[in-house]
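In: how does the following fold in three dimensions:
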Amino acid sequence: MRAACSLAFLTCLVAGPVTAQAPAPVRPGLTEAEVVAAWGEPLAKRTRGNFTYLHFQTDCLKECGTYDVVILEGGQVVDAIARSKNHRYDGVSSSPVERPPEYTALTTP
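Out: Just a heads-up that it's a prediction; the model follows:
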């Protein structure tokens, strides 16, 4: 028993601490399967015509006002909103971080 405990302790010392890796970045052209491999399973998936919207948990929902969203057209990433510090989008987002959330309203002529 003592030898097993010593071996386990030495294994931990050699292997070092286990650290969680940040999710891989998403970039234009990735497939849905590649997005899921990078960020994990989405909270919700919506499809409309040729577009698919993948909604992901964010660490700033209250402040950001939205889930992180990856938009696919024809099965490939074309846009994303990634405001969580846990997600990164390597394309040009239609909703950059610098743009503060704001209410939008329909106006009638």
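In: part of a strand, is residue 34?
Out: No. Secondary structure of residue 34, determined by DSSP: H, G, I helix; E, B strand; the rest coil: helix, with no strand assignment.
In: what about it, how many neighbours?
Out: Other residues lying near residue 34 total 15 when counted by other Cβ atoms under 10 Å. Bear in mind the C-beta positions are built from the backbone N, C-alpha and C, glycine included.
In: any idea of the pLDDT on it?
Out: pLDDT, the model's per-residue confidence, is 97 for residue 34.
In: for this protein, which segments count as strands?
Out: Across the chain, reading from the start of the chain, the strands by DSSP state E fall at 44-48, 51-56, 68-73, 76-81.
In: nearest to residue 35, out of the ones you listed?
Out: Of all the strands of the chain, the one in closest proximity to residue 35, counting by Cβ to Cβ, is strand 68-73 (5.3 Å).
In: of all the strands of the chain, which one comes closest to residue 98?
Out: Between residue 98 and the strands of the chain, the tightest spacing by Cβ to Cβ is seen for strand 76-81, at 12.8 Å.
In: which residues does the closest one contact?
Out: In this structure, residues lying in contact with strand 76-81 by Cβ atoms under 8 Å, 6 or more residues apart in numbering are 26-31, 35, 66, 68-72, 89, 91, 93-95.
In: so who does the residue nearest to residue 77 when sequence neighbours are not counted touch?
Out: Leaving aside its chain neighbours, residue 77 sits nearest to residue 30 (4.6 Å; criterion: Cβ to Cβ, 6 or more residues apart in numbering). Under the criterion of Cβ under 8 Å, 6+ apart, the contact list for residue 30 reads 38, 76-77.
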